[in-house]
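Student: predicted model and sequence follow; I will ask about them next.
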Amino acid sequence: MQRRVIFDNKALPYLLLAPQVAVTLIFFIWPAAQAVWQSVHLQDAFGLRSQFVWFENFEAVLADPNYLDTVRVTAVFSLSVTALSMGVALLLAVLADSRIRGAGAYKTLLIWPYALAPAVAAVLWMFIFNPEIGLLGRALNDLGYAWDYRLNGEQALTMVILAASWKQVSYNFIFFLAGLQAIPRSVLEAASIDGASAVRRFWTITFPLLSPTTFFLLVVDVVYAFFETFGTIHALTHGGPGKSTETLIYRVYQDGVINNDLGGSSAQSVILMVIVIALTAIQFRFVERKVHYS
Amino acid sequence: MATVDLNRVRKSYGAVEAIKGIDIAVADGEFLVLLGPSGCGKSTLLRMVAGLESITGGEIAIGGRVVNGLEPKDRDIAMVFQNYALYPHMSVFDNMAYGLKIRGVPKAEIQARVAKAAEILELGRFLDRRPSQLSGGQRQRVAMGRAIVREPAAFLFDEPLSNLDAKLRTQMRVEIKRLQDRLGVTSLYVTHDQVEAMTLADRILVMNHGVAEQVGTPLEVYQRPASLFVAGFIGSPPMNVLDAHVEADGRTLALPCGAALPLPHPQPALNGREVKLGIRPEHVAVSADGALSVTVDLVEALGADTVVYGRLPNGEALLVRMAGLPVCREGETLRLDAPPPALHLFDGATGRRLED
């Protein structure tokens, strides 16, 4: 049965919708449209004149071997961040869900990192990994391991992956914990009476029943890794050393804001937008089929 | 098939003692119902047999083997839960086959066993469906199917019918009874519903506050309740309980309302003592020279029988259940009689039955 609300005033429903529409228009549609417009124009260095250049910006971006490197870095980064933050969060949630002493305090502590600004989180990681003042960074060097993320690209990438994942673990943890608590205990008890070991119970009962949560987090985490990790990377490595931690979103900033190539940067934005839309569509089309909604 | 033996079984949560030493020997193939109000510990006791709750003290043995330290999977039992506890992401077939697959039963045998259970429970058409596509009664049948295919030593039922509506509950009750008769598997069945207990049980264990108030066949529990609690819990409407005084001559009971009833059996030890007198509403009969006189407060006509809420001259309430349609009206005075065999005497302090 469908419930319909009837408004006496014809303008009222539009008025009620207006704030949301305004937010979407101002913060998404407008900049996105501007990016699309700029991506097919070439501007002079001072932004005084621009010229319509068809798809030249796109051609230039795609022909740049550095750009493909950035795509590779982004793929490694996003995949690692998504897998790591979801895996660790699931593990922690499973532990928190089992009856342990002080579970309440443990849960609260795990949620804290989510409340930190990316820049603050980055400073924290610096205090850990900086080769001169960082706790772990110094210890590694003292042990004879040449640790310096400012020189070694792979070490830098590892560090930003850790930092970015760490921030997302809290968010994933809350959802996984809620998902776990929604699984009726009696179903797991029935499985244990049926003879399933704890590991088997997890993989044949808990994990499939968590799939709606897992799928939701997969979509959110991929978007997070693509877009929202800018702050972490910016504060920790500035995309360096030598572009080794430069993801697509960081390159958009680098080329547009630092290098003043507005056309090329906009073309990258548009490409990035298409990639994320495509990824999300693929997830909904293929992964969601395996999801069990109760 | 096996016996289930509970020997001084106790359970505490910190300082709170939930189960205070239960002893019961369930015979092979017996249907034992654990009956009691919510919070009496009956579900906890069942879960301890299943291995889902730890045992604080005492011993539980299934088929002669002490299972205190064993995991649920090693106890050779199957359990049916109140909320069915089906695996929502599996088909009916997979729900039933899950335990067999884990135990490494060959595929062909799994097929055969599930097919047989499905036939017994008339689930054949639903094997490919998900639990969410089934009605409550069908889900409960799947839960029973899951228990049957395992061919366990004992079935444990934890209020399996409580989530069903009244009509379906009656129907499923009959099905469970038939199934247990057919399979002959030792069963422990937890319920708070006295009708389920009376109809299903070979023996009933009535529990209250973690203590076994009485163990007996349904008719024993009804005819000779061992305590005031059992007397009040079994029977509908519940038994009337009145104060009474055993006269010094040991032959009559004097009631505060002025009436005197003959004592069913002379009990010299009781002479001159205060007791509690229990009379079932259905054992009170209208009689022109009856000893009890009540004013009718309210009449409930149920069709097959009538419940009369009466009031004795001293204000005490007396419930009467009569067969057939009402024979009295509100405000009228009735004379009633309770024949001596229908009188139950209890100790006012301990609530225990005074044996006759």
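Tutor: Nice, I can see it.

Student: can you count the residues close to B:V246?
Tutor: 24 (other CB atoms under 10 Å in any protein chain shown). (C-beta placed from N, C-alpha, C; glycine too.)

Student: same check, this time on B:K276
Tutor: Using other CB under 10 Å as the criterion, the residues surrounding B:K276 number 19.

Student: residues of stretch A:77-90 that come out buried?
Tutor: A:77-78, A:80-82, A:84-86, A:88-90 (16 or more other CB atoms under 10 Å in any protein chain shown).

Student: just stretch B:147-155 next, same as before
Tutor: B:147-150, B:152-155.

Student: mind listing residues that contact that stretch?
Tutor: Outside stretch B:147-155, the residues within contact range by CB atoms under 8 Å, 6 or more residues apart in numbering or on different chains are A:194, B:1-2, B:4, B:26, B:49, B:62-63, B:75-80, B:96-97, B:99-100, B:110, B:113-114, B:116-117, B:120-121, B:179-180, B:183, B:185-189.

Student: what about it, how long is it end to end?
Tutor: 7 Å (CA to CA, to the nearest Å).

Student: mean confidence for it?
Tutor: For stretch B:147-155, mean pLDDT is 91.

Student: what do you get for stretch A:87-106?
Tutor: pLDDT averaged over stretch A:87-106 gives 82.

Student: try stretch B:240-250
Tutor: The model assigns stretch B:240-250 a mean pLDDT of 87.

Student: if we can go back for a sec, now, which of the buried residues of stretch A:77-90 sits nearest B:S287?
Tutor: A:L90 (74.3 Å; CB to CB).

Student: before we go further, that closest one is sitting in a helix, right?
Tutor: Yes - counting by DSSP: H, G, I helix; E, B strand; the rest coil, A:L90 is located in a helix.

Student: with adjacent residues omitted, what lies nearest to it?
Tutor: Closest residue in space to A:L90, ignoring its immediate chain neighbours: A:F176 at 5.2 Å, by CB to CB, 6 or more residues apart in numbering or on different chains.

Student: after the one helix or strand that neighbour maps to comes which helix or strand?
Tutor: Using DSSP states H and E, A:F176 sits in helix A:153-181. Of the helices and strands lying after helix A:153-181 in sequence (DSSP H and E), the nearest is helix A:185-193.

Student: wait, does that following helix contact chain B?
Tutor: Yes - interface with chain B: helix A:185-193 contributes A:186-187, A:189-193 (CB under 8 Å from any CB of the partner chain).

Student: all strands for chain A, in order.
Tutor: A:41-43, A:50-52 (DSSP state E).

Student: these into CSV, with extra columns for mean pLDDT?
Tutor: Listed next are these as CSV, based on pLDDT from 0 to 100:
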stretch, mean pLDDT
strand A:41-43, 81
strand A:50-52, 80
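
Student: which residues of the stretch 151-300 of chain B lie near chain A?
Tutor: Close to chain A, as judged by CB under 8 Å from any CB, the stretch 151-300 of chain B has no residues.

Student: the strands in the stretch 151-300 of chain B, which residues?
Tutor: Per DSSP state E, counting those that start in this stretch, the stretch 151-300 of chain B carries strands over the ranges B:154-158, B:186-191, B:203-208, B:211-216, B:240-246, B:252-254, B:260-262, B:274-279, B:285-286, B:292-301.

Student: so what's the closest residue to B:F346 other than its chain neighbours up against?
Tutor: The shortest distance from B:F346 to any non-neighbouring residue, by CB to CB, 6+ apart, is to B:K276 (4.2 Å). Neighbour list for B:K276: B:228, B:241-244, B:345-348, B:351 [criterion: CB under 8 Å, 6+ apart].

Student: and the residue in the stretch 1-150 of chain B that chain A sits nearest to, what helix or strand is that in?
Tutor: For the stretch 1-150 of chain B, the residue closest to chain A is B:G99, as judged by CB to the nearest CB, at 3.4 Å. According to DSSP H and E, B:G99 maps onto helix B:92-102.

Student: now do the helices in chain B.
Tutor: Along chain B, the segments classed as helices by DSSP state H run B:42-50, B:92-102, B:107-120, B:136-149, B:166-183, B:194-200, B:218-223, B:228-233.

Student: I'd like to know which of the ones you listed is closest to A:L157.
Tutor: The nearest among the helices of chain B, by CB to CB, is helix B:92-102 at 42.4 Å.

Student: and the stretch 151-294 of chain A, which residues reach chain B?
Tutor: A:184, A:186-187, A:189-197, A:200, A:204-205, A:208-209, A:211, A:292, A:294.

Student: one more time with 7 Å
Tutor: Counting by CB under 7 Å from any CB of the partner chain, the stretch 151-294 of chain A comes close to chain B at A:184, A:186-187, A:189-190, A:192-196, A:200, A:205, A:208-209, A:292, A:294.

Student: what does A:D148 show for phi and psi?
Tutor: phi -160, psi 100 (degrees, to the nearest 10).

Student: okay, it and B:A61: tell me how far apart.
Tutor: Computed with CB to CB, to the nearest Å, the distance linking A:D148 and B:A61 is 66 Å.

Student: do the same with B:K276
Tutor: Taken as CB to CB, the span from B:K276 to B:A61 is 38 Å.

Student: about what we covered before: between the residues of helix A:185-193 next to chain B, identify the one with the most neighbours.
Tutor: Top of the residues of helix A:185-193 next to chain B by neighbour count (other CB under 10 Å): A:A190, with 29 neighbours.

Student: which non-adjacent residue is nearest that residue?
Tutor: B:A85 (4.1 Å).

Student: and that neighbour, what does it touch?
Tutor: A:184, A:186-187, A:189-190, B:143 (CB atoms under 7 Å, 6 or more residues apart in numbering or on different chains).

Student: one more: B:V92?
Tutor: Applying CB under 7 Å, 6+ apart to B:V92 gives the contacts B:123, B:126-127, B:129, B:142.

Student: re earlier: from the buried residues of stretch A:77-90, pick the one nearest chain B.
Tutor: A:L90 (17.4 Å).

Student: number of nearby residues for the closest residue to chain B within the stretch 101-250 of chain A?
Tutor: Per CB to the nearest CB, A:D194 is where the stretch 101-250 of chain A lies closest to chain B, at 3.4 Å. For A:D194, the count of nearby residues is 28 (other CB under 10 Å).

Student: now do A:G239
Tutor: A:G239: 23 neighbours (other CB under 10 Å).

Student: these two touch, right, it and A:Y250?
Tutor: Yes - counting by CB atoms under 7 Å, A:Y250 is a contact partner of A:G239 at 4.7 Å.

Student: touching both of those two, which residues are there?
Tutor: A:I233.

Student: now A:S50: how far from A:A32?
Tutor: Taken as CB to CB, the span from A:S50 to A:A32 is 18 Å.

Student: er, B:L86 I mean
Tutor: 47 Å.

Student: between these two, who's got more neighbours?
Tutor: B:L86 (25 against 13).

Student: which residues lie in contact with the residue nearest to that one when sequence neighbours are not counted in this structure?
Tutor: Nearest residue to B:L86 in three dimensions, chain neighbours excluded: B:P131, at 4.2 Å (CB to CB, 6+ apart). By CB under 7 Å, 6+ apart, the contact list for B:P131 reads B:86, B:88, B:95, B:139, B:142.
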